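Q: Give me a model of this one.
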Amino acid sequence: MTERKYSVASIGLRIDGFLDATLQNGGIKLSYEIQDAAPSDDDFETPDVMVKFSGPDVDLLLSNRAELLLALETTGLESLPTSKDTAHVSVVDSDGNGCAITTSAGYSSGVTIPGTGLVLNNCLGEPELNRLGLHALPPGTRLASNMSPVTARSSAGVTLAVGTPGADRITTALTQVIGRHALGGEDLQASIDAPRFHVELAGETRRVHYEPDDATAAAITALGGAAVPHEALDMYFGGVGAAYGTDAGELGAAGDPRRAAATAVS
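A: Now for the predicted structure:
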């Protein structure tokens, strides 16, 4: 019998969030129950977690396998929505110029522009960017985006460039980092390293994802949200990259240990 890698306790809320958005956006009328699978002693691979479906569209699900659910079955639990194809670069020079660029392939459309190596994104297929449901926008409508590259200059002459990947956690990550640094006066690297939280809305359900922090945990309990604890410095909360320069010519940069980050000052 192989050792379990997943359980309802460790992955159930992520599966629930994925299925809730998928079924809602697809207009599929199903109920589901997430269960730990019974262990097996045979030589066949068995799932750690099972989802039991019921409802009027069960036959539709069985006959068409609903594309996103088929993708989940094929690629495994690691494919649950955690867009990994967004990157950010922040640059500031000694003349006080600042540049922040965020680029993304989303979850990727699987289509490459011939001769360029550029992969097209799939913003029309990202649930968090299509709150009204997939295929609900009239042609020509400007798409929503969570990407928020930021440049700013203070009255003291400090130029800041900052941004992050992280899907719908982009805005909450930047709000917390910029708030700590610009309003709270914390060191830029300390502001990036500090514990974060993110509120996820799924229908009438409010889930609060958070890194270890006693004050945050107490606030979640007091407000009555569904708490989703994460490990410290979890990549779920983005990967903020920032650079700054002062009128005196001082230059600096800070990277996020939650994801692959690199800084350079020259």
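Q: For this structure, which segments count as strands?
A: With strands called from DSSP state E, the chain shows them at 31-36, 49-54, 86-92, 98-104, 150-153, 159-163, 197-202, 205-210, 226-229, 241-245, 251-254.
Q: the inter-axis angle of the first one versus strand 49-54?
A: Read that as strand 31-36. 160 degrees (axes from the mean of the first three to the mean of the last three Cα atoms, to 10 degrees).
Q: List the buried residues in strand 31-36.
A: Tyr32 (16 or more other Cβ atoms under 10 Å). For every residue, glycine as well, the C-beta is placed using N, CA and C.
Q: Tell me which strands that strand pairs with, and in which orientation.
A: strand 49-54 (antiparallel) (DSSP bridges).
Q: Show the average pLDDT along the partner strand.
A: Computed over strand 49-54, the mean pLDDT rounds to 84.
Q: what's the answer for stretch 222-237, then?
A: Here the average pLDDT along stretch 222-237 is 91.
Q: and that stretch, how far from the chain's centre?
A: 13 Å (Cα atoms, centre = their mean, to the nearest Å).
Q: cool, and stretch 86-94?
A: On Cα atoms, centre = their mean, the centre of stretch 86-94 falls 20 Å from the chain's centre.
Q: I'd like the strands of the chain as TSV, with distance to Arg14 appended.
A: As requested, the strands of the chain are exported to TSV (distance: least, Cβ to Cβ, whole Å):
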stretch	distance to Arg14
strand 31-36	10
strand 49-54	10
strand 86-92	19
strand 98-104	21
strand 150-153	29
strand 159-163	25
strand 197-202	10
strand 205-210	10
strand 226-229	9
strand 241-245	26
strand 251-254	29
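Q: do you know which of these lies nearest Leu120?
A: strand 98-104 (11.0 Å; Cβ to Cβ).
Q: Enumerate the positions of that closest one that are buried.
A: 98, 100, 102, 104.
Q: and of those residues, the nearest to Leu19?
A: Once Cβ to Cβ is applied, the member of the buried residues of strand 98-104 that ends up nearest Leu19 is Ser104, at 24.0 Å.
Q: so who does the closest residue in space to the closest one that isn't next to it in sequence touch?
A: Of all residues not flanking Ser104 in the chain, Thr86 sits nearest, at 3.8 Å (Cβ to Cβ, 6 or more residues apart in numbering). With contact set as Cβ atoms under 8 Å, 6 or more residues apart in numbering, Thr86 has these partners: 102-106, 147, 165-167.
Q: swap the cut-off to 7 Å and go again
A: Listed by Cβ atoms under 7 Å, 6 or more residues apart in numbering, the contact set of Thr86 reads 102, 104, 165.
Q: Hmm, which of those residues is lowest in pLDDT?
A: Minimum confidence in those sits at Ser104, scoring 86.
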